[in-house]
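# Provide a 3D model corresponding to the input given below.
(chains A and B)
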Amino acid sequence: MNTVLELENVSKIYGHGHTAVKAVDNVSLQVKPGEIVLIMGPSGSGKTTLLSIAGLLLRPTDGHLWMNGNEVTRFSEHQLPSLRLHNVGFVFQAYNLLGALTALENVEVVMNMADVKGKAARTRAIELLTLLGLEHRLNHLPADLSGGEKQRVALARALANNPPLILADEPTGNLDSKIGREVMELLCCGLGRDQGRAIVIVTHDHRLRDIADRVLWLEDGKLSEKEVNWNGDELLHRAYPSSTG
Amino acid sequence: MFKLAWANLIHERVRLAISVGGVALAILLILVLNGFFAGFQQQAVSYIRNQPAPLWLAQAGIENMHMVSSMLPPDTLKRVTQVTGVKKAVGILYATIAVQVGDALVPSYIFGIDPSDPFGGPWSLSEGSANVALNEIVIDQTLARRYNVKVGDSVSILGYNLRVKGLSRGTFGIASNMVFVNKTALASGMGVTPQTVSYIMVQPEPTANLDTLAADLRAVVPEANVMSQSFFIDREQDLTQQMSADTLRAMNTVGYLVGLLVIGLTIYTATVERAREYGILKAIGANNRRLVGIVLIQSFIAAVIGYLLGVMLSYAIVGLADRIFPDVVILIEPSSWLREIPTLVVIVTLAGLLPISRVTRADPMVVFQT
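You can find the predicted model right below:
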């Protein structure tokens, strides 16, 4: 089966000589379409560095990285933004919405960057935001939205260009358990696995372990893997027992 | 990207107001100063323009009235009058002397006129007459108002008291005050014969060809410079432009620098404050070209709004100045503000370049900071 994301012996070293720190140490990882991979680990274990490398925001010191079969470690710096734009959707703990733009415009802007403009962009943005239950908040600025609403706008933005890979960094970090469940349900089941998207989630949230196809443990930059074979919906229910879902 | 640039601008209204206000101020400064000098130029040629004489004679080598002295031999006027095709020739004496009005010395252009001539004197009077006797003078109504002088009062030139015979209009401006005295009296004061003239104005017969008449005059009076009225006006304007060019350039540069700094600093501040958002944009797929585009669009929007506001304010200032200082002419025409556009484009591009290095160095890793 093809992989959406593949890392082969990837390392990242910060600094030089005796001050060098190996944040990611010889990591290899394959993520298939529709697969949900959870990366957990203690603070400072290299999770964010690994996610940054996977998201083409940071170049590895060693190793190779493939995205949809293309070796992207060979791509030049100016080619990477376009690769990110079309292949990766990001969801961050801090939402990272653009404060001057409305919810609708925050979603439209990434499509505009991908040359989807005008009515086509607007229609898809409205469609996504409506799907995420934000049809009544389209023209609100991020400052006027709740944390859950902001994260759903961020989710819509991540999905706007229909990328095959979603990378999420502590997506429930600023949300309470009920809202966290709703967001994860949308991300993993409704808009992720069901549509064949691969999702890599970096988190401290143990409640998310059960929704993943695989849970990886990162410690001191080294990755180890555990297999999980449960059904996603059932696991979401287990992860968030207080919900009615 | 226009939408994002616009949204960023209007999201920070105070900063937008500062940016737009700065550009408007710079444009206002440039247009009003240029208008002021254009008005000065217009006033400087008003005497020549208002005389019904298509041909003018000055001393050979003299092409101006300002900053020069022209003297033609005593028999020149008589010889000119005898040339076929000349309907009327009028000679004037001209000097630059201070007129004492009360305690003030007002630098003035003194025109010595023969009251019996049909032209050569003030072209518009608000009061009194221009039929000046040896001890009389016509001064501008604005000058009279400023120093509370009335018809019948006295002013003096070089110690000679002269009674104000009339008040003229349109003969007072910044550094171009005109007064009219009796030519014989002025000749006496200057120590020349009454027949001596500085300039001769020629009104041709209706059937005369101007070029032919000018050639005939050159042949008869080879010691004089024969010019058309339009040439004489052009030369005067060239001279006043040269006189003011350095000042004008300096003030324009100040205006442009104000605009450059205001746009540059406000856009730079906005960029620095939004560094995180530029990092986010970079993370989600915007390339440097796009980010630079956002910054430049912001600069251009601020500049266009500021420019239009500046033009409107300039016209408002002209209207206001006209009421408060009627003797100060500020000329602003569409060509005045249209010709500033290319320079403004360059200025705005330069201003936009200031924050570009900040934008291109925006760190996409900020997306992981909480």
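
# tell me, how many neighbours does residue 196 end up with?
Unless you meant another one, I'm taking chain A. For A:G196, the number of neighbouring residues by other Cβ atoms under 10 Å in any protein chain shown comes to 12. In this view, the C-beta of every residue, glycine as well, is placed from N, C-alpha and C.

# wrong one, I was asking about chain B
When neighbours are counted by other Cβ under 10 Å, B:T196 registers 21.

# can you tell me how far the residue lying closest to it once chain neighbours are set aside is from B:V197?
The shortest distance from B:T196 to any non-neighbouring residue, by Cβ to Cβ, 6 or more residues apart in numbering or on different chains, is to B:P74 (5.2 Å). From B:P74 over to B:V197 the distance is 8 Å, taken as Cβ to Cβ, to the nearest Å.

# for those two, indicate the residue with more neighbours.
Relative neighbour count places B:V197 above the other of B:P74 and B:V197, with 29 against 15, counting by other Cβ under 10 Å.

# state the distance from the more buried one to B:V164.
Computed with Cβ to Cβ, the distance linking B:V197 and B:V164 is 25 Å.

# OK, contacts around whichever residue of the stretch 151-300 of chain B sits closest to chain A?
When distances are taken as Cβ to the nearest Cβ, the stretch 151-300 of chain B approaches chain A most closely through B:G285, which lies 2.7 Å from it. Applying Cβ atoms under 8 Å, 6 or more residues apart in numbering or on different chains, one finds that B:G285 lies in contact with A:81-82, A:84-86, A:88, A:110, A:113-114, A:161.

# go again using 7 Å as the cut-off
The contact partners of B:G285, taken as Cβ atoms under 7 Å, 6 or more residues apart in numbering or on different chains, are A:81-82, A:84-85, A:110, A:113.

# ok, B:R290 next?
Applying Cβ under 7 Å, 6+ apart, one finds that B:R290 lies in contact with A:113, B:1.

# for B:G170, same thing?
Contacts of B:G170 (Cβ under 7 Å, 6+ apart): B:46, B:124.

# SS state for it?
coil (DSSP: H, G, I helix; E, B strand; the rest coil).

# any idea how far B:V328 is from chain A?
Separation of B:V328 from chain A (Cβ to the nearest Cβ, to the nearest Å) stands at 45 Å.

# how is the residue nearest to that residue when sequence neighbours are not counted assigned, secondary-structure-wise?
What sits nearest to B:V328 in space, not counting adjacent residues and going by Cβ to Cβ, 6+ apart, is B:A321, at 5.8 Å. Assigned by three-state DSSP, the conformation of B:A321 is helix.

# residues near B:A321, how many?
B:A321 is surrounded by 17 other residues when neighbours are defined as other Cβ under 10 Å.

# was I right about it contacting B:I330?
Yes - contact between B:A321 and B:I330 holds when scored by Cβ atoms under 7 Å: they sit 5.6 Å apart.

# which strands and helices sit next to the helix or strand where A:K150 lies?
Under the assignment given by DSSP states H and E, the secondary-structure element containing A:K150 is helix A:147-159. Packed against helix A:147-159, as judged by 3 or more Cβ pairs under 7 Å, 6 or more residues apart in numbering or on different chains; DSSP states H and E, are the following elements: strand A:88-91, helix A:103-113, helix A:118-131, helix A:177-184.

# and the contacts of the second one?
Looking back up the chat, that one is helix A:103-113. Helix A:103-113 is touched from outside by A:85, A:97-98, A:101, A:121-122, A:124-126, A:128-129, A:134, A:137-140, A:145, A:153, A:156-157, A:160-161, B:3-4, B:7, B:284-286, B:290, with contacts defined as Cβ under 7 Å, 6+ apart.

# switch to 6 Å and redo it
Helix A:103-113 is contacted from outside by A:85, A:97-98, A:121, A:125, A:137-138, A:140, A:153, A:156-157, A:160-161, B:4, B:284-286, using Cβ atoms under 6 Å, 6 or more residues apart in numbering or on different chains.

# what residues does the stretch 151-300 of chain B have near chain A?
By Cβ under 6 Å from any Cβ of the partner chain, the residues of the stretch 151-300 of chain B that approach chain A are B:277, B:280, B:283-287.

# just give the closest residue to the residue of chain A found nearest chain B, not the sequence neighbours.
Sorted by distance to chain B under Cβ to the nearest Cβ, the residues of chain A start with A:L85, at 2.7 Å. Closest residue to A:L85 apart from its sequence neighbours, by Cβ to Cβ, 6+ apart: B:G285 at 2.7 Å.

# that's a strand at that neighbour, yeah?
No - with the criterion set as three-state DSSP, the secondary structure at B:G285 is coil rather than a strand.

# and it, how far is that from B:F2?
In this view, B:G285 and B:F2 are 18 Å apart by Cβ to Cβ.

# in the chain, where is pLDDT below threshold?
Defaulting to chain A. Low-confidence segments of chain A (pLDDT under 70): A:1, A:226-245.

# if you could check chain B rather than the one you did, that'd help
Low-confidence segments of chain B, defined by pLDDT under 70: B:174-175, B:245, B:327.

# name every strand pairing with the biggest strand by length in it and say which way it goes.
When secondary structure is assigned using DSSP state E, the longest strand within chain B turns out to be strand B:86-101. Applying DSSP bridges, strand B:86-101 is found paired with strand B:104-113 (antiparallel), strand B:154-157 (antiparallel), strand B:199-204 (antiparallel).

# could you list the buried residues of it?
If you call a residue buried by 16 or more other Cβ atoms under 10 Å in any protein chain shown, then strand B:86-101 has these buried ones: B:86, B:89-95, B:97, B:99-101.

# show me where chain B has strands.
Taking DSSP E as the criterion, chain B carries its strands at B:55-59, B:86-101, B:104-113, B:125-128, B:136-140, B:154-157, B:160-168, B:177-182, B:199-204, B:224-228.

# now tabulate those strands in CSV and tack on distance to B:L257.
Listed next are those as CSV, based on distance: least, Cβ to Cβ, whole Å:
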stretch, distance to B:L257
strand B:55-59, 41
strand B:86-101, 36
strand B:104-113, 33
strand B:125-128, 43
strand B:136-140, 37
strand B:154-157, 44
strand B:160-168, 41
strand B:177-182, 34
strand B:199-204, 43
strand B:224-228, 40
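
# which stretches of the stretch 251-370 of chain B form helices?
Ranges of helices within the stretch 251-370 of chain B are B:275-283, B:288-324, B:334-338, B:341-353, B:356-360, based on DSSP state H, counting those that start in this stretch.

# got it, and the stretch 1-150 of chain B?
For the stretch 1-150 of chain B, applying DSSP H, counting those that start in this stretch gives helices covering B:2-11, B:13-44, B:46-49, B:76-81, B:141-146.

# can you mark which positions in the fourth one are buried?
For helix B:76-81, a neighbour-count test (16+ other Cβ under 10 Å) marks B:76-77, B:79-80 as buried.

# now do the second one
Residues of helix B:13-44 classed as buried under the neighbour-count rule (16+ other Cβ under 10 Å) are B:15-16, B:18-44.
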